[in-house]
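Student: Could you work out the structure for the sequence below:
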Amino acid sequence: MKAPPIEPICVKINDAAHMIGVGRTKLYELIASGEIQAVKIGKATRITTASLQELVRQQHEPL
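Tutor: Reported below is the predicted structural model:
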């Protein structure tokens, strides 16, 4: 029996930008404004998938 795939909790910058359909520059703007949560693991910067999902959820809600 095959184990279900593991969902990542953090992704690379390029992957995060691709996931939400923006460029790297826009993603860095979202990080700087606090709309996206970035974490440092050693020298690597990773983006939490929870913060990506939250951003999309907030943008989807009616104003």
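Student: only C-alpha atoms for contact and neighbour calcs from this point on.
Tutor: Fine.
Student: confidence score at E54?
Tutor: At E54, the pLDDT value in this model is 94.
Student: Tell me the spacing between it and L30.
Tutor: For E54, the distance to L30 equals 12 Å [C-alpha to C-alpha, to the nearest Å].
Student: cool, M1 as well?
Tutor: Using C-alpha to C-alpha, we find M1 at a distance of 41 Å from L30.
Student: In terms of neighbours, single out the busier of those two.
Tutor: L30 (15 against 3; other C-alpha atoms under 10 Å).
Student: And the more buried one, which helix or strand is it part of?
Tutor: helix 24-32 (DSSP states H and E).
Student: Can you give me the buried ones in that helix?
Tutor: Under the neighbour-count criterion of 16 or more other C-alpha atoms under 10 Å, helix 24-32 has 27-28 buried.
Student: And the strands in the protein?
Tutor: 10-12, 38-41, 44-48 (DSSP state E).
Student: Let's have the ones you listed in TSV, adding mean pLDDT.
Tutor: Below are the strands of the chain laid out as TSV (pLDDT from 0 to 100):
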stretch	mean pLDDT
strand 10-12	97
strand 38-41	96
strand 44-48	97
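Student: Format these as a markdown table; extra columns: mean neighbour count and distance to H60.
Tutor: Output for the strands of the chain, formatted as a markdown table (neighbours: other C-alpha atoms under 10 Å; distance: least, C-alpha to C-alpha, whole Å):
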| stretch | mean neighbour count | distance to H60 |
| --- | --- | --- |
| strand 10-12 | 17 | 22 |
| strand 38-41 | 12 | 22 |
| strand 44-48 | 17 | 19 |
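Student: For those, please prepare a markdown table with the additional fields distance to G23.
Tutor: Below are the strands of the chain laid out as a markdown table (distance: least, C-alpha to C-alpha, whole Å):
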| stretch | distance to G23 |
| --- | --- |
| strand 10-12 | 13 |
| strand 38-41 | 16 |
| strand 44-48 | 14 |
